[in-house]
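Undergrad: Structure of the sequence below:
(2 chains)
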Amino acid sequence: MNDNSNRLARRRYLALSIVSPVLILGIWIMVTAQGAAPAIILPSPSVVVSSFVDMFWRGYSGVPIGTHIAASLWRVGTAFIIGALLGIAVGLIRGRVSAVDALFIVPSEIIRPIPPLGLIPLFILWFGIGELSKILLILLSVFLIMMVNAQAGTRGSGLDQLRAAQSMGANRWQTFLYVVLPSALPQIMTGLRIAMGTALTILVAAELLGGDRGLGFVILDASSFFRTPYVLAGIIIIGMIGLISDRGIALLSRRIVHWEGKR
Amino acid sequence: MNARVIPLLSNGEAGAMNAPDLVHPGAGAAPAKAPARPLLEFAQVGFGYNGAEVMKNVSFSIQEGEFVALLGPSGCGKTTILNIIAGFLAPIEGGALLENREIAGPGPDRGVVFQAGALFEWMTVADNITFSLRCAGRPKKERRQVAEEMAALVGLSGRENAYPYELSGGMRQRVGLARALAAKPKILLMDEPFSALDVQTREVLQEEILHIRDLTRCTVVFVTHSIDEAVFLGDRIFLLKDLRNGAFDEYRVELPSPRANAENRLHAAFIKLREVIYRKMRH
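TA: Model prediction:
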């Protein structure tokens, strides 16, 4: 009975979540079929699909599309994992040790409001236009987001829970490991979703700064030759990566933080 | 030591004095003889937050095996007393002594059961119960065994692998109790643990806590704002009104053994003492 209604609710959710993309696609088809927009501004979906097919069979600018995707995923993946681990570690320590927090507060709050794209010129000067610049740019954004979220998460444990742990003989490290860290996990998981979205945004910008691999490169290159269908195809691939990674993290989150929202 | 404790018969509650044989001040079921060294002792304890005084010159002592109920309205300082015993707060004056040693911070010799449970939602019932053993580095096998024992003691057998959010309010408080008992504390501190439960569940748990206390011979300090609860559970009741002058009233409860008996709620001594305390609180 309960399982059944749960399954029904899930199907309903799935059905409703398909409504908006179908609607957007419908409007897109209608607008382009009416000839309301020139193909160079907004090509029809069928043209975009055929450019997709073309890219998959023949690659883009002599490089298989899989290589472009892999290059982008590698950059974003490396930067995301390293940035998240560092950010979580620093954020947790800042949340627990006020001396460390004091050391970080000024530089981190000065750097945080700077749009990462504003740092591109400096990063080019310091780290060149190769992989390092791209990865560091993404890494910095992920790091800052995760630091803030992990630090906020350390305040997720109630005073009574901390007192309970101490009254059962937990030392500082045990209190951290068994109480503070698990209480911070919900906020950390939310941070990961935000950071992944930001990482993909920065990825495209970072790939605009040079190189001949990656989805950002595909979009930039196609747009400078007015190959709008390829621009859209590249955008859609990035969007799909975003959707899949977000759903993946959300699913993981429900597994890891299974107690969240249950009370 | 108890210079500031006002004995029941000295406060002249006329209507309440008709049956003094039912309520014996100073002569009760306290297991310890007069010269015995107290387990817990408050000597002229004072405490305040940011300069605002909460209590001053509070003195009392509690013998091993006693069940003491701290009764009073919210804000009277009863939870502060509990927090000082637990070591969560330190007195700014006087001394709080456990077995003649100054209390210095929280420790597993004092088990705490919290009003809202304060359970670790990310751990199973078994892991919650054996948290103190885990912190002490006890092996897994021993922890599993203690989890089973404690779960059986509080009536949670079979639910060891459940998570707290899968349990009802009453069962959650059983986990909190088992968790505190698993550390084998010298004294059990309970902060209105049943106040958020429905009446039936609360009464069942009251009977069970007395039963568990008989089994473990544990010393208990129990904070409550319910007169009924204090009379049903306590060997002694400290009625707190305003601790800033250190004064509180003390009552000794005389109910038939075994105390873990629902019938006691209908006993004449129960009803009498409830009336006495009620009149005193309204006074």
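Undergrad: a strand runs through B:Phe194, doesn't it?
TA: No: checked against DSSP: H, G, I helix; E, B strand; the rest coil, B:Phe194 lies outside a strand; its state is coil.
Undergrad: and chain B, what are its domains?
TA: B:5-109+B:185-282, B:119-184 (automatic domain parsing).
Undergrad: what about the ones you listed, which gets the closest to A:Ser17?
TA: domain B:119-184 (27.1 Å; CB to CB). The way it works is simple: take the backbone N, C-alpha and C, and place the C-beta from them, glycine included.
Undergrad: what about the closest one, near chain A?
TA: Yes: remark: domain B:119-184 sits within contact range of chain A at B:120-123, B:131-132, B:134-136, B:163-166, B:179-180, B:183, by CB under 8 Å from any CB of the partner chain.
Undergrad: ok, the residue in the stretch 151-283 of chain B that chain A sits nearest to - how many residues close by?
TA: Nearest to chain A, among the residues of the stretch 151-283 of chain B, is B:Tyr165, at 3.6 Å (CB to the nearest CB). As a burial measure, B:Tyr165 scores 15 neighbours (other CB atoms under 10 Å in any protein chain shown).
Undergrad: Next: B:Asn50.
TA: Residues near B:Asn50, counting by other CB under 10 Å: 4.
Undergrad: Check B:Ser157 too.
TA: Neighbours of B:Ser157 (other CB under 10 Å): 12.
Undergrad: Now the residue nearest to it when sequence neighbours are not counted: which helix or strand?
TA: Closest residue to B:Ser157 apart from its sequence neighbours, by CB to CB, 6 or more residues apart in numbering or on different chains: B:Ala151 at 5.3 Å. Under the criterion of DSSP states H and E, B:Ala151 resides in helix B:140-153.
Undergrad: Show me what the very next helix or strand once past that helix is packed against.
TA: Downstream of helix B:140-153, the next assigned helix or strand under DSSP H and E is helix B:169-182. Applying 3 or more CB pairs under 8 Å, 6 or more residues apart in numbering or on different chains; DSSP states H and E, one finds that helix B:169-182 makes contact with strand B:110-113, helix B:125-129, helix B:131-135, helix B:140-153, strand B:187-191, helix B:199-216.
Undergrad: and chain A, which residues reach chain B?
TA: Checking chain A against chain B by CB under 8 Å from any CB, the hits are A:158, A:160-161, A:163-171, A:174, A:178-179, A:182-183, A:185, A:257-259, A:262-263.
Undergrad: If we use 7 Å, what do you get?
TA: A:158, A:160-161, A:163-164, A:166-170, A:174, A:179, A:182, A:259, A:262-263 (CB under 7 Å from any CB of the partner chain).
Undergrad: show me where chain A has helices.
TA: A:2-33, A:45-58, A:65-96, A:98-111, A:120-127, A:131-153, A:159-167, A:172-175, A:181-207, A:215-224, A:228-256 (DSSP state H).
Undergrad: residue ranges with poor pLDDT in the chain?
TA: Went with chain A since none was named. For chain A, the stretches with pLDDT under 70 are A:1-2, A:263.
Undergrad: oops, chain B please
TA: B:1-36.
Undergrad: and the residue nearest to the spatial centre of it, which of the three is it?
TA: Of all residues in chain B, the one closest to the mean position by CA atoms, centre = their mean is B:Phe222, 1.7 Å from it. At B:Phe222 the chain is in strand, as set by three-state DSSP.
Undergrad: circling back to that earlier point, what subset of the residues of domain B:119-184 next to chain A is buried?
TA: B:120-123, B:131-132, B:134-135, B:163-164, B:179-180, B:183 (16 or more other CB atoms under 10 Å in any protein chain shown).
Undergrad: now, among these, which is nearest to A:Ile69?
TA: Nearest member of those to A:Ile69, counting by CB to CB, is B:Trp122, at 36.6 Å.
Undergrad: Now do the same for the closest one: helix, strand or coil?
TA: Assignment for B:Trp122 (three-state DSSP): coil.
Undergrad: Return the residues of chain B in contact with chain A.
TA: Counting by CB under 7 Å from any CB, chain B sits next to chain A at B:86, B:88, B:106-108, B:110-112, B:114, B:116, B:118, B:120-122, B:131-132, B:135-136, B:163, B:165, B:183.
Undergrad: can you do 8 Å?
TA: So chain B meets chain A at B:86-88, B:105-108, B:110-112, B:114, B:116, B:118, B:120-123, B:131-132, B:134-136, B:163-166, B:179-180, B:183 (CB under 8 Å from any CB).
Undergrad: could I get the helices of chain A as a markdown table with mean neighbour count?
TA: Formatted as a markdown table, the helices of chain A follow (neighbours: other CB atoms under 10 Å in any protein chain shown):
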| stretch | mean neighbour count |
| --- | --- |
| helix A:2-33 | 10 |
| helix A:45-58 | 15 |
| helix A:65-96 | 20 |
| helix A:98-111 | 12 |
| helix A:120-127 | 14 |
| helix A:131-153 | 23 |
| helix A:159-167 | 21 |
| helix A:172-175 | 14 |
| helix A:181-207 | 21 |
| helix A:215-224 | 21 |
| helix A:228-256 | 16 |
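Undergrad: And the ones you listed: which comes nearest B:Leu233?
TA: Of all the helices of chain A, helix A:159-167 comes closest under CB to CB, at 21.1 Å.
Undergrad: Packing partners of the closest one?
TA: Checking 3+ CB pairs under 8 Å, 6+ apart, helix A:159-167 ends up next to helix A:172-175, strand B:110-113.
Undergrad: Check what contacts the last one and list those residues.
TA: Same thing as strand B:110-113. With CB atoms under 8 Å, 6 or more residues apart in numbering or on different chains as the test, strand B:110-113 has contacts from A:163-164, A:167-168, B:82, B:85-87, B:98, B:106, B:173, B:176-177, B:179-181, B:183, B:185-191, B:193.
Undergrad: Could you chop chain A up by domain?
TA: According to automatic domain parsing, the ranges for chain A are A:1-36, A:42-256.
Undergrad: Adding distance to B:Leu233 as columns, could you present these in JSON lines?
TA: Below are these laid out as JSON lines (distance: least, CB to CB, whole Å):
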{"stretch": "domain A:1-36", "distance to B:Leu233": "39"}
{"stretch": "domain A:42-256", "distance to B:Leu233": "21"}
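Undergrad: Nearest to B:Glu250, out of those domains?
TA: Across the domains of chain A, closest to B:Glu250 is domain A:42-256 (CB to CB), at 26.6 Å.
Undergrad: distance between the ends of that closest one?
TA: Criterion CA to CA, to the nearest Å; first-to-last residue distance in domain A:42-256 is 43 Å.
Undergrad: and that domain, how far out from the chain's middle?
TA: 5 Å (CA atoms, centre = their mean, to the nearest Å).
Undergrad: Now do the contacts for the residue nearest to B:Ile187 when sequence neighbours are not counted.
TA: The shortest distance from B:Ile187 to any non-neighbouring residue, by CB to CB, 6+ apart, is to B:Thr219 (4.5 Å). Contacts for B:Thr219 (CB under 8 Å, 6+ apart) come out as B:39-40, B:62-67, B:186-188.
Undergrad: residues contacting the most centrally placed residue in chain A?
TA: In chain A, the C-alpha closest to the average C-alpha coordinate belongs to A:Met196, at a distance of 1.5 Å (CA atoms, centre = their mean). Contacts of A:Met196 were listed using CB under 8 Å, 6+ apart, and they are A:80, A:242, A:245-246, A:249.
Undergrad: Please repeat the previous calculation with a cut-off of 10 Å.
TA: A:76, A:80, A:84, A:142, A:145, A:241-242, A:245-246, A:248-249 (CB atoms under 10 Å, 6 or more residues apart in numbering or on different chains).
Undergrad: Export those residues as a markdown table, with columns for distance to B:Ile237.
TA: Converted to a markdown table, the contacts of A:Met196 look like this (distance: CB to CB, whole Å):
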| residue | distance to B:Ile237 |
| --- | --- |
| A:Val76 | 66 |
| A:Phe80 | 60 |
| A:Ala84 | 55 |
| A:Val142 | 59 |
| A:Ile145 | 55 |
| A:Ile241 | 67 |
| A:Gly242 | 64 |
| A:Ser245 | 61 |
| A:Asp246 | 58 |
| A:Gly248 | 58 |
| A:Ile249 | 55 |
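Undergrad: That's all I had, so thanks and see you.
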